[in-house]
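What shape does this take:
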Amino acid sequence: MAAYQLQINGKKMTAEVEADMPLLWVIRDVLGLKGTKYGCGIAQCGACTIHIDGIPVRSCQIPIAELSRKAKITTIEGIGEIALHAIQESWVEEQVPQCGYCQSGQIMSAVALLKNNPQPTDEEIKTAMNGNLCRCGTYDRIQKGIKNAAVALKTGTSPVRNDK
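The predicted structure is shown next:
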């Protein structure tokens, strides 16, 4: 075992684990951040999506020893810590989740998309979200949520509508 120094959600954390332990298990089982979910274990479903240096990655397939000492990791707990991110507000407004299991991965991918492409087209949204599976099939609501959040971020307003 070795001690790994990590920067997660802006905080320095230490994990003493085996070099081949997937980052997902370090985050969940060692550090106690339970928002990132285990889905398939083969990087196909997207439930374990986190950001490393702003890029969405599947944490189930990254051994901790492969991380750079300077890597900045963001989990779902680091999105909207002080106030909800526009994506999170939009998810609530559009009632995106059903079972909710995939949602942390969906949100992490959506946040990265809007950071890199603030006004994505429908096709760009589908491409960016490809690989984030939703067993409940809420893809239309996910797409609508991303579009609403994009408008909110552009205009500086809340995606929550007051006309209901």
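
CA only for contacts and neighbour counts going forward, please
Will do.

quick one, longest helix in this structure?
helix 139-155 (DSSP state H).

What separation do you get for the residue nearest the centre of the chain and Gly46?
By C-alpha atoms, centre = their mean, the mean C-alpha position of the chain lies nearest to Met108, the distance being 1.9 Å. From Met108 across to Gly46, the span is 9 Å (C-alpha to C-alpha, to the nearest Å).

what do you get for Cys102?
Applying C-alpha to C-alpha to Cys102 and Gly46 gives a distance of 7 Å.

quick one: which of those two has more around it?
Neighbour count, other C-alpha atoms under 10 Å: between Cys102 and Gly46, Gly46 has more, with 32 against 24.

Tell me if that one really is in a helix.
No. The assignment for Gly46 (DSSP: H, G, I helix; E, B strand; the rest coil) gives coil, which keeps it out of a helix.

And it, how far from Gln5?
25 Å.

ok, Gln106 - how many residues close by?
27.

Touching, it and Gly46? I think so.
Yes. Gln106 is in contact with Gly46 according to C-alpha atoms under 8 Å; the separation is 7.2 Å.
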